[in-house]
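1. Just need the structure, nothing else, for what follows:
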Amino acid sequence: MLPEKKKLTGDKPYNTKHIQNMLNVVGVNLKFRCIIHIMSANGCRIGSFEELKVGHIQDMPNSCKSLRIYDDHRKEYYTFIHHEAVEALDEYLESRTKKGEIITPESWLIPSASDVNKPVLTVSIRIQMARYAHHDGVQEDEVKKRGRYQIQACHGFKKRFNTIMKSN
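-> As a prediction, this is how the structure comes out:
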């Protein structure tokens, strides 16, 4: 009897221009440069950063790295990042080392801002990523649909990755 529910939003992926604009907005924030590069390179979910440790990353040939996502879970899988994402990751880890942090394989890849011994919370990444994604100029061609953006702030990366994989 009730009408069919309409999908709220989120069916479009980021394109390369969106990613470049977002990196411009992020500027020198190495943590979010790293997150953006990793997500656009491998399409992982934003929640994977809450469990990702430095030890889950392995060097691969051709300046690539593999990441073990959801370690020791039923849904564990491996994914890869290209050299541009590797450079952002290395730069971020180097900046943490320069600040005096001792990074071990058990260190969180993206630690909490208040305590490096705790992982970052997904909600804190999601909130900040939404600020960057909806900043003026990032989605300048974007028209809101029913008051919402058509590209989801975090899931747009996964949609981008899936779209690129399907087209190849």
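
2. Correct me if wrong: Gly156 contacts Tyr14.
-> Yes. Using CB atoms under 8 Å, Gly156 is in contact with Tyr14, at 4.4 Å. For glycine as for every other residue, the C-beta is placed from the backbone atoms N, C-alpha and C.

3. Asn42: neighbour count?
-> Neighbour count for Asn42, taken as other CB atoms under 10 Å: 21.

4. From Ile57, how far off is it?
-> With distances taken as CB to CB, to the nearest Å, Asn42 is found 12 Å from Ile57.

5. For the closest residue to Leu121 other than its chain neighbours, what are phi and psi?
-> Spatial nearest neighbour of Leu121, chain neighbours left out: Glu50 (6.6 Å); criterion: CB to CB, 6 or more residues apart in numbering. Phi and psi for Glu50, reported as degrees, to the nearest 10, are phi -70, psi -20.

6. who touches the residue nearest the centre of the chain in this structure?
-> What sits nearest the mean C-alpha location of the chain, by CA atoms, centre = their mean, is Met39, with 3.4 Å. Residues near Met39 by CB atoms under 8 Å, 6 or more residues apart in numbering: Ile46, Cys154, Phe157, Lys158.
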